[in-house]
Each structure stands twice: as C-alpha cells, then as structure tokens.
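**Student:** Sharing a sequence plus its predicted fold:
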Amino acid sequence: MIGAILGDIAGSRFEFSKPEGFNAKTVSLFADNCFYTDDSVMTIATKYAVLNNTSYRVAYADFGKKYPLAGYGTMFKQWIEDFTHQPYHSFGNGSAMRVSFIGEYFSTIERVREEARKSAMCTHNHPEGIKGAEATAACVYLAKHGHSKRQIKRYVERNFGYRLNRPLFLTRPFSKFDITCQVSVPLAIRCFLESESWEDCIRNVFSITCDTDTIGCIAGGIAEAFYRGTGQNDKELLMKYLAKPGANGKRHLFLYEWAVKEY
C-alpha cells in the first residue's frame, strides 16, 4: 500500500505534462512540487474501512468530504455531495487505484476478489470498473505471496481477459491519456512486469504518456508487494507529502498516521 501512495505522489507532477528534455530514467523520483492526490486519499480510506469494519461507501464519502481538494473526477465529486451515494456505473480507473490494501491484507485470493468487488460496487459498478479493482487487488495478493511475474501475468490473463503481451517500447509511440480501467490496469501491470525494482516500475510509468499518478499508484502497489518494499525512505517521504501544515502552522497527521498504521 505504501508503494501505491508513493507511486501516486511521484507521478502527480507529470499527470498532464512533462518538461522539455524529460528523461524518465534520470529525472528525480520525488520533488518539492509533488503532492498526494485522490488516489492516496482513497487508498488510505480503503485501509480505514477494512480495519474499522466500516463500509467502503461510508469511508469513501467521509474521506472525500474531509479532503475535498484532492483532485476527484467530476462524477465522484457529485457522488460525494449526493447524500444517497448511489453507484454511477463508472468504468474509470478510480476503482483500481484504491485497492492495494485489500490485496495486502486479506488471506485468500477469493476474499481479496470479493472485497475488491465490494469496494468498486459502491461507485464503479460497471463490469470494467469491477474487473479493474479485482485484477489490481489480485496482483498485489499474488505478488505478496511469492508468485512469479509469469504466474501473475497468467492469472490476470486467464481470469480477467487483459492482454499483457504488448511491450512498453511498442506502447510508447501511441500512448495517450486515458482514465478507463480497461486501459489503465493492463498498462500499470505491464509497467510492473517490465521492472527490476519498485523505482524502475515507477520510471516505466514516467516513460509513458498516461494518467501518471493513477498508473503509478496501481503499478506501485503491485511492485512494492513483489519487491518487498520500495527502496525509498518511506516514512520520511510520507511525512513530507501527507502531513501538510494547516493554516495554524500545525501538521495535519491523519492521513500519515493511517498510511503507516500497523495492523
């Protein structure tokens, strides 16, 4: 889960544009203009829901109201503001970016998929939205439990129908910004499959024209589980980006404390 949050933060500054002369292999992974987005907020909300035995719907609505400026999509903003909180048949990648803790926490792949489905259904109840959440959580689970990249790839292809054979070097020339699950999830998994470390995975994300914070969040969660960490100073980075000073100068520690909370 930490890898998902840090992947979101690392990708945040490149979501819509990259500077002239940009080099994905040499650019600094983190900078002062990085920030957390709705991906991190909802990832932490999922952990909060699981550990407090709270419904995903309630947790997502509460966190959305608590952090209203995190960069939510239009439909999710409307969902937060609508007191009925009815699902809106979305197949956007928001269902996939928030499930890494589910794959990390539950003890069987059947339970992981069941919980991922529940987490998606309260908003993204389109079949593609549900599939994206289940596939992402399943990847995290399999990675955490020692499955090889080949085994993870085979499981995803057989159970979810995603095509994962297209290498990144063939994808880059034609890549474009796309926030659907059916594009985002296979791309994120491919960034992981072609990586040699968590950092290398995130740099793969940087190398593609895409929704970099969300692809970084999805891929980063899988990579952290597979490589058994990010190789970064996690707590220092989380404190820097999640614990922002408020108007009174005091740090708001709620997101940070839930991100690092042991269970």
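**Tutor:** Done, it's in. Here the structure is a predicted model, which is why all the values come from computation and not from measurement. Numbering: from 1, shown residues only.

**Student:** and stretch 219-231, which residues are buried?
**Tutor:** Neighbour-count burial for stretch 219-231 flags 219-227, 230 (criterion: 16 or more other CB atoms under 10 Å). C-beta here means a position set from N, CA and C on the backbone, and glycine is covered the same way.

**Student:** Among these, which lie within helices?
**Tutor:** In helices, defined here by DSSP state H, the members of these are 219-227.

**Student:** With distance to Met239 and pLDDT as added columns, please give the buried residues of stretch 219-231 in CSV.
**Tutor:** CSV is the format used below for those (distance: CB to CB, whole Å; pLDDT from 0 to 100):
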residue, distance to Met239, pLDDT
Ala219, 23, 98
Gly220, 18, 98
Gly221, 20, 98
Ile222, 24, 98
Ala223, 22, 98
Glu224, 18, 98
Ala225, 22, 98
Phe226, 25, 98
Tyr227, 22, 98
Thr230, 15, 98
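
**Student:** can you tell me which of the residues you listed lies nearest to Phe254?
**Tutor:** Gly221 (20.8 Å; CB to CB).

**Student:** residues contacting that closest one?
**Tutor:** Going by CB atoms under 8 Å, 6 or more residues apart in numbering, Gly221 touches 1, 3-4, 7, 43, 100, 103-104, 136, 140.

**Student:** how close does it sit to Thr230?
**Tutor:** To Thr230, Gly221 is 10 Å away according to CB to CB, to the nearest Å.

**Student:** Mutual contacts of these two, please.
**Tutor:** With CB under 8 Å, 6+ apart as the test, Gly221 and Thr230 both reach Gly3.
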